[in-house]
Structures are given as structure tokens and as C-alpha cells.
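In: Here is the input, now give the coordinates:
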Amino acid sequence: MSFTMIEQATARLHRSELAVPGSNPAMFEKAANSAADIVFLDVEDAVAPDDKAQARKNIIQGLNDIDWGHKTMMVRINGLDTHYMYRDVVDIVEACPRLDMILIPKVGTPADVYAIDMMVTQIETAMGRSKRIGFEVLIETALGMANVEAIAQSSKRLEAMSFGVADYAASTRARTTVIGGVNKDFGVLTDRDADGNREYFWTDPWHAAQTRMMVACRAYGLRPIDGPFGDFSDTDGYLAAANRAAVLGYEGKWAIHPSQIELANQVYTPSEAEVTRARRIMQAMDDAAKAGKGAVSLDGRMIDIASIRMAEALLAKADQISGQ
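Out: Next up is the predicted model:
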């Protein structure tokens, strides 16, 4: 390990992140009773300009009056380039002790996070808040991705990053109109076989961006979260996208429809088989240490100290889920 040690963000269960429009308070109770780990009440993109003031009031009332149980409660504020943002922060943070986190959209530079941090710090001090508010930022522009490593180090409040695929696609002028899906034109063609035939395989156009954001998160102790998948009628497509992100190292995924909550929880919950193997790895390495060995084989495969770290991470997630 490097001599440079990075402090890890506040640990929260973050398999599923449910988006709920602040302009539709009828959905609040359903969200509170859902299986989502994190709920964010939205006053940004899901709310029309004329409805933003009322949505803000709905969010304040909902956070204060509804029993949200053990869920992490978050609000997505409007962007720093709008005149709505300052009132979102001041009104909601001042009035809602139940608020756990703020989701900052379209972050492009570290200064964007600094600005919200300054406001929240002053409000917490003025109001005597004992619970420190955490931040999640949306990386959804070319500027944000270009500065993602610096943004990851921008604030001690920062806990997570989400990849906002739709706005990212718009920002990069990607040739797509779907949210989080793949494109038939983004693929590879094999060489010809002995009969002259070739095969075409679709690939994932978001892989490079997701990987870069994930590395920034893991380097600086944050949780990488995959963003929305727009076609909520496509269960298989959602599961495929969630699994791809999980394999990369992501901790969770957005749910823009209640039907996607269980899918996200399913993908980002270690299976019984995975937990059992992780425990076997820990036992095998413990036995190897007692025998003075630095590496050992299990089921015909070598395991070593790196295997322990992977097993420990998986078991920690399993323990976090079982203890919720």
C-alpha cells in the first residue's frame, strides 16, 4: 500500500437509490415504505420550473412529517447555474433535521462543491445542527468527467459520485437518445473465419466513462453509484447494466421506478455462494498464515493477501446488509 492513506467516506448502504419528484408528494409514502436504501427527493430535472417553489415546500413537509425509517434521505438541489439553488439549500437544510445528504447535479469543477459546502457549513453552524450533512455529486458533463479526480478530493463531506448517463451523453454529443442503454452501432466486428463469415458484438459505450469515475471514487474513498436506466419496462436491460457496473466495482444503481429497486438490491447484494467462498478464503489464508505460508490454493486456484482484501470487502458489505 502507498504511504498516502485515504480516509474512507461515511459508510452507508447504497445498493439502490430511488428518485422521487418533489412535485409529486403522493409518492413520498410509497418511497418511505419501499426497500430502497437511499431516497432522493428531487427538485431539479424532474420538476418543471413553475413547480419548483412548491416542490421545495413539499420536500420540507415530507422530510419532517413522514417516518422514513432507517433510509438515508437525500435531496437533489438545482444546479449552481440556476437561481433556484441557493433557496433549495437554505430552506431545506435549515428546516429539515432529518436530511442526511445533498445530491449536487452537473458538477463540473471542485469549486462547485466548495460553494455548496460553504453554504451548508454556515447553515449547520447557525442552526446548531449536530448531524453533519454528506454530499453526493453527479458526474454528468464532459467538464465534470475531465475534472473527476479533482472533484473527488473537493470536500470532506463528499461520500459518493453518481454517473449521470443522460446528461453526459448530451454533453459529449453522443449519438443516442436512450438513457443508460446501449447502441447497435457501438460494437466490434470479428475477423473472418475459415468460411469467410464474421460476427458482430455490441459493446458498452459508457464503459470508459464509468471506469474513470469508479477509479476516482475508489482512489479517494468514495462510493461509485451507477445512474438511471430509462426503460423501466426492460428488466433484462436494467439487470445487464447493473451487473456490468457491479463487476467494475460500483456499489449501487439508481431506480427511477419502484420496480427497479429490488433489481438493484438483488445485483448489489452478495449472494450466499459469494459469502460462503469469501469465508472459505479467509479461513484458508488463516490456516496458511499459521503454517508460515504467504499464499495457498483453494479449489485449484491460488489465493494470497489480495484475495483476503477482496474477501474482506465482500464480507463487510454482507454484514452491513444483514445489520440494517
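
In: mind listing the strands for the stretch 151-300 of the chain?
Out: Assigned by DSSP state E, counting those that start in this stretch, the stretch 151-300 of the chain shows strands spanning 158-163, 187-189, 200-202, 223-226, 252-255, 296-298.

In: Could you provide those in a markdown table, with additional columns for distance to I102, mean pLDDT and mean neighbour count?
Out: Where C-beta positions appear, they are placed from N, C-alpha and C, glycine not excepted. Shown next, in a markdown table, are the strands of the stretch 151-300 of the chain (distance: least, Cβ to Cβ, whole Å; pLDDT from 0 to 100; neighbours: other Cβ atoms under 10 Å):
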| stretch | distance to I102 | mean pLDDT | mean neighbour count |
| --- | --- | --- | --- |
| strand 158-163 | 10 | 98 | 26 |
| strand 187-189 | 39 | 95 | 11 |
| strand 200-202 | 37 | 95 | 10 |
| strand 223-226 | 15 | 98 | 26 |
| strand 252-255 | 16 | 98 | 28 |
| strand 296-298 | 44 | 76 | 14 |
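
In: Quick one, which of the ones you listed gets closest to G62.
Out: The closest of the strands of the stretch 151-300 of the chain to G62 is strand 252-255. By Cβ to Cβ, the value is 18.0 Å.

In: and the closest one, what other elements does it pack with?
Out: strand 16-21, strand 223-226, helix 235-248, helix 261-267 (3 or more Cβ pairs under 8 Å, 6 or more residues apart in numbering; DSSP states H and E).

In: Next, format the ones you listed as CSV and append distance to D204.
Out: Shown next, in CSV, are the helices and strands packed on strand 252-255 (distance: least, Cβ to Cβ, whole Å):
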stretch, distance to D204
strand 16-21, 21
strand 223-226, 12
helix 235-248, 6
helix 261-267, 16
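
In: what is the mean pLDDT for stretch 5-18?
Out: The average pLDDT within stretch 5-18 is 91.

In: quick one: pLDDT of Q324?
Out: So Q324 comes in at 58 (pLDDT).

In: Straight-line length of stretch 256-265, end to end?
Out: 14 Å (Cα to Cα, to the nearest Å).

In: Going forward, the N-terminal residue is numbered 7.
Out: Yes, from this point I'll number from 7; that puts the last item at stretch 262-271.

In: Okay, buried residues for that stretch please.
Out: Neighbour-count burial for stretch 262-271, with 16 or more other Cβ atoms under 10 Å as criterion, is recorded at I262, H263, P264, Q266, I267, L269, A270, N271.

In: again with stretch 30-42
Out: Under 16+ other Cβ under 10 Å, the buried positions of stretch 30-42 are P31, M33, F34, A37, A38, S40, A42.

In: doesn't the second one fall inside a helix?
Out: Read that as M33. Yes: checked against DSSP: H, G, I helix; E, B strand; the rest coil, M33 lies within a helix.
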